[in-house]
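Need coordinates for the below:
(one chain, ligands or ions: 2)
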Amino acid sequence: MSTETLEFQAEARQLLQLMVHSIYSNKDIFLRELISNASDALDKRRLAGLRDDRLGAEDLRIDVEVDNEARTLTVRDNGIGMSRDDVVGLIGTIARSGTAETLRRLRESKESAELIGQFGVGFYSVFMVADNVVLSTRKAGEETGVRWESDGGGTYTIETAEDVPEGTSVTLHLRPADEEDALHDYADERRIRELVKRYSDFISFPITLGDETLNSMKALWARQRSEVKDEEYREFYRRISHDWTDPLEIIQMRAEGTFEYEALLFLPSRAPHDLYQRDARHGIQLYVKRVFILDDSRELLPDHLRFVKGVVDAADLSLNISREMLQQDRHIQLIRRRLAKKVLSTVKDLMRNDVEKYRTFWREFGPAVKEGLLDGAEDHKAILDIASFASTAGDEPVGLADYVARMKDGQDKIYYMTGESRAQVENSPHMEAFRAKGYEVLLLTDPVDEIWVEAVHDYDGKEFQSIASGEVDLPSEEDPSPEKSGRYASLLAWLNETLDEVQDVRLTTRLTDSPACLVSAAEAITPALEKLYRAMGQ
Ligand code: ADP
Ligand code: MG
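Numbers count the residues shown, from 1 in each chain. Ligands and ions are numbered 1, 2, ... in the order given. As a prediction, this is how the structure comes out:
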């Protein structure tokens, strides 16, 4: 049978280069990645078997073999396997969106270790520890198998192979051991055993080495919080999120009764690079009674909480449920409401009890969460409750409840100004009278702020009021004295006549330092919103 030599796709080659030169200090992760792929393949096989008898398999498992003499390590699964096209498409290229951009940042950045965690290097991480890798695989239901081999350089070989069992095996020819660091030798069974236990204990299929099963296979979300070590949660989080940084907060939920489900959710400690991209992945995996059904499940949380990662295991859904069916399912809608509420209330707790964490959360995800103020009024109150904004009152962001609590006597509105940056807004002439009279003004500088302030009327009965709008009335604002009005009447008339672009020119006591300022008519859009619309091509 002929052997073909093919080139890795350009981006894949770059990533391989990074792996071969091992920019990542924790090489242990390669094993986790292999086991994680094997587990995914087993999930897919189990599901395929449920839907089509011919694809079923008994005894789904992951076997690990170490040959100390030959210095090889093999991870084998009897999962879904790959066809030849799958191998070329999945292993020879990186299909994930944003790859080019991430690689550029990886090369330029010193924090590559962390970035790479966000990116999830996956299969290629094997080239950190191996100088040659052979992958043999046969797709469930297909006749022939495929053998793939590479040294992590620019090319790989691929050929059809007989006698390959269904599933996939990956054999690493390990690099020479580091004399000084014998403990970290991956050709050592003890070491492998320890790594599997540490990183992959919760994998729901048995992982065996010889006749020993190494993992406990307990689904993490089904265990009591107090029984699970933080490290186990962190590992699980890494597996489902591809984020190497530890999660900020863990949320566990369980509903019993007519509709049962368990959920284990994580708030990440920082925003993924694609948070604002349309095709960004959502982070929730759906299980039905421990069987993985699908990931990237958009139906289980509203869009503005798309950064939340985790697992929902529902007891009463059909294993055959499809994405399309999920959108219609009443139970799913119910779960979605509950999860959203729980996430928001968890953040509210952080705001009260762990300000540091809350600030991190809001800095990373606030702009996304605020998108929730634009659609249906469902969670407006809960979102406003956890929002905080820069303010003229100091350097710390303030929440709306705090703002309201310290409003001046006679003040009945929440004053804000939108703009592009804090400096720009603070230096605006509109600010003068408010500063002079000691009114606190919120400084809204996220693009989304322009839009939600139009959509949301009030907080706690206090109306939002832009200080750049013509309508704004300071409670203590005086009208100009008749004497002053008289003195300036002819100037105003002349200005009104001469300046075509403005609707009206008025005398005001609102300014203290600036000679003049532009205000929008009450019903007009703000200058920043105008800009935003223009940028969107409207
Ligand atoms: P990821 O797992 O994040 O998709 P990887 O680089 O780890 O990225 O793997 C790339 C793809 O190769 C996987 O999505 C999967 O389709 C395929 N793959 C890898 N390992 C296996 C395996 N053991 N069995 C079947 N498919 C696999
Ligand atoms: Mg993977």
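
So A70: helix, strand or coil?
Here A70 takes the coil state, with states given by DSSP: H, G, I helix; E, B strand; the rest coil.

could we number from 32 for the rest of this?
All right, first residue 32 from here; so that's A101.

and it, what does it touch?
Applying C-beta atoms under 8 Å, 6 or more residues apart in numbering to A101 gives no contacts. The way it works is simple: take the backbone N, C-alpha and C, and place the C-beta from them, glycine included.

Could I get the buried residue list for stretch 40-50?
The neighbour-count check on stretch 40-50 (16 or more other C-beta atoms under 10 Å) flags 40, 42-50 as buried.

G517 should be in a helix, yeah?
Yes - G517: assigned to a helix according to three-state DSSP.

what's the neighbour count on it?
G517 has 10 neighbouring residues, counting by other C-beta atoms under 10 Å.

roughly how far is whichever strand or helix holds V484 from the heart of the chain?
Taking DSSP states H and E as the criterion, V484 maps to helix 478-486. Distance, stretch centre to chain centre, for helix 478-486: 22 Å (C-alpha atoms, centre = their mean, to the nearest Å).

Pull it out as PDB, backbone CA atoms only.
In PDB, the C-alpha atoms belonging to helix 478-486 read as follows (Å, rounded to 0.1, in the frame of the first residue of the first chain):
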ATOM      1  CA  PRO A 478     -19.400  50.700  23.400                       C
ATOM      2  CA  VAL A 479     -22.400  48.600  24.700                       C
ATOM      3  CA  ASP A 480     -23.200  51.400  27.300                       C
ATOM      4  CA  GLU A 481     -24.300  53.600  24.500                       C
ATOM      5  CA  ILE A 482     -27.000  51.100  23.700                       C
ATOM      6  CA  TRP A 483     -28.300  49.900  27.000                       C
ATOM      7  CA  VAL A 484     -28.800  53.300  28.400                       C
ATOM      8  CA  GLU A 485     -31.400  53.800  25.600                       C
ATOM      9  CA  ALA A 486     -33.000  50.500  26.500                       C
END
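
where do the helices sit along the stretch 82-231 of the chain?
115-117, 130-139, 143-150, 220-231 (DSSP state H, counting those that start in this stretch).

List the contacts of the first one.
Defining contact as C-beta under 8 Å, 6+ apart, one finds that helix 115-117 is touched by 170, 177, 189, 191.

Sitting in strands, which of those residues do you find?
Taking DSSP state E as the definition of strands, those contribute 177, 189, 191.

any idea which of those residues has the most stuff around it?
V177 (24 neighbours).

which residues sit in contact with that residue?
V177 neighbours (C-beta under 8 Å, 6+ apart): 113-115, 118, 167-169, 189-192, 195.

what's stretch 234-249 in contact with?
Stretch 234-249 is contacted from outside by 66-67, 69-70, 73, 91-97, 108, 220, 223-224, 227-228, 231-233, 250, 321, using C-beta under 8 Å, 6+ apart.

If we use 6 Å, what do you get?
70, 73, 91-95, 224, 227-228, 231-232 (C-beta atoms under 6 Å, 6 or more residues apart in numbering).

that older thread, could you point out which of the ones in strands among the contacts of helix 115-117 is nearest to N384?
Distance to N384 across these (C-beta to C-beta) is lowest for V177, with 54.1 Å.

Now do the same contact list for the residue of the stretch 182-331 of the chain found nearest ligand 1.
Residue of the stretch 182-331 of the chain nearest ligand 1, by C-beta to the nearest ligand atom: T199 (3.6 Å). When contacts are counted by C-beta under 6 Å, 6+ apart, T199 touches 108, 112, 168.

Within reach of ligand 1, which of those residues are there?
With C-beta under 6 Å from any ligand atom as the criterion, the contacts of T199 include 108, 112 near ligand 1.

near ligand 2, which of the buried residues of stretch 40-50 show up?
Among the buried residues of stretch 40-50, no residue lies close to ligand 2 (C-beta under 5 Å from the ion).

Of these, just say which sits nearest to V536.
Checking the buried residues of stretch 40-50 against V536 with C-beta to C-beta, the nearest one is E42 at 58.6 Å.

Wait, that closest one touches T124, no?
No - using C-beta atoms under 6 Å, E42 is not in contact with T124; the gap is 7.6 Å.

show me where pLDDT drops low in this protein?
Counting by pLDDT under 70, the chain has low-confidence residues at 32, 53-56, 126-134, 136-152, 210-214, 408, 501-509, 541, 551-569.

Need the contacts of V177 in a markdown table (columns: distance to M448).
Below are those laid out as a markdown table (distance: C-beta to C-beta, whole Å):
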| residue | distance to M448 |
| --- | --- |
| M113 | 56 |
| S114 | 59 |
| R115 | 61 |
| V118 | 57 |
| S167 | 64 |
| T168 | 60 |
| R169 | 64 |
| I189 | 61 |
| E190 | 67 |
| T191 | 67 |
| A192 | 68 |
| V195 | 67 |
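
Name the member of those residues with the most neighbours.
T168 (28 neighbours).

give me the beta-bridge partners of it?
Beta-bridge pairing for T168 (DSSP bridges): V177, T199.

OK, contacts around it?
Going by C-beta under 6 Å, 6+ apart, T168 touches 112-113, 177, 199.

Could I get the contacting residues of A371?
333, 336.

mind redoing it with 10 Å?
Going by C-beta atoms under 10 Å, 6 or more residues apart in numbering, A371 touches 331-333, 335-336, 339, 403, 409-410, 413-414.
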